[in-house]
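>>> sequence plus the predicted model coming up.
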Amino acid sequence: MVSLGQLQYSKATSNPVRIVVAVPQDSPVQSVADLPQGVRVSSEYPRLTERFFADKGIEADIRLSYGATEAKVPDIVDCVVDITETGRALRAAGLKIVDTILTSYTELLANPASHADPEKAHAMAQLLTLLNGSLEARGKVLVKLNVGGADLDKVIEIIPSMKAPTVNELYGGGGYAVETVVPKNQINRLIPALVDAGASDILELPLSKIVH
């Protein structure tokens, strides 16, 4: 996490994003140098794209995209310039990345004079708490479930948590309610395992912020 003392110049903890050039998976193009003169390019970043291709010595027909950039290949354009974090959406659209124009990070900056003011510094710290809470919540979900007393230990054994799962006895002694935060990329394997362990009434809920 970004600390208050680093507030003036530190990068936030979000993953870097890249603006990339992508072509169809079955294209023989392996790099931007393989693209022909007059190549048709769709991008939401026309000026950046124009400068990039000019620097490469490639004359490009750049067309402004208003969304769903990856869907315009190959019927409308030959390649796209798009933003990506993992490349997963581009691969799902049948595209491959052949070059990276730039890599960008989110940074949180503060005016040094304002940061020297205790009241303003406190407000900055509060904002930082909210931003870090949003970053921490990315890729995580809240799981709630019910389980009988006989199966509670089996459920607790397989369920991950930030510290320890929250366990409350249900009204009337009919078992226990359990809740915990888990990585979203584990949830589709976890839920069937929880059912096998005796859990029921399982809820998966999105999270907006996690503040420690």
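Cool, got the structure.
>>> so which elements touch the top helix by length along the chain?
Looking across the chain with DSSP state H, the single longest helix is helix 118-137. Counting contacts by 3 or more C-beta pairs under 8 Å, 6 or more residues apart in numbering; DSSP states H and E, helix 118-137 is packed against helix 112-115. (C-beta placed from N, C-alpha, C; glycine too.)
>>> for the residue of the chain most remote from its centre, helix, strand, or coil?
Farthest-out residue of the chain from its mean C-alpha position, per C-alpha atoms, centre = their mean: Gly172, at 41.7 Å. Of the three states, Gly172 takes coil under DSSP: H, G, I helix; E, B strand; the rest coil.
>>> so how far is Val147 from the residue nearest in space to the middle of the chain?
What sits nearest the mean C-alpha location of the chain, by C-alpha atoms, centre = their mean, is Arg138, with 6.3 Å. Distance, Arg138 to Val147, by C-beta to C-beta, to the nearest Å: 28 Å.
>>> and Asn15, by the same measure?
From Asn15 to Val147 the distance is 35 Å (C-beta to C-beta).
>>> and Asp151, how many residues sit next to it?
16 (other C-beta atoms under 10 Å).
>>> the following helix or strand past the longest helix of the chain pairs with which strands?
With elements assigned by DSSP states H and E, the helix or strand that comes after helix 118-137 is strand 140-147. Strand 140-147 sits in its sheet next to strand 176-183 (antiparallel), strand 199-206 (antiparallel), going by DSSP bridges.
>>> would you turn those strands into CSV with mean pLDDT and mean neighbour count?
Below are those laid out as CSV (pLDDT from 0 to 100; neighbours: other C-beta atoms under 10 Å):
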stretch, mean pLDDT, mean neighbour count
strand 176-183, 95, 18
strand 199-206, 96, 14
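>>> may I have the phi/psi pair for the residue nearest to the centre of the chain?
phi -60, psi 130 (degrees, to the nearest 10).
>>> from Glu179, how far off is it?
19 Å.
>>> now the lengthiest strand in the chain: buried residues?
With DSSP state E setting the assignment, residue counts place strand 95-104 as the longest strand in the chain. Residues 95-96, 98-99, 101 are the ones in strand 95-104 that count as buried (16 or more other C-beta atoms under 10 Å).
>>> go on, stretch 157-175?
So, applying 16+ other C-beta under 10 Å, buried residues of stretch 157-175: 159, 165, 175.
>>> for the second one, give me its contacts.
Under the criterion of C-beta atoms under 8 Å, 6 or more residues apart in numbering, the contact list for Pro165 reads 156, 159, 178-180.
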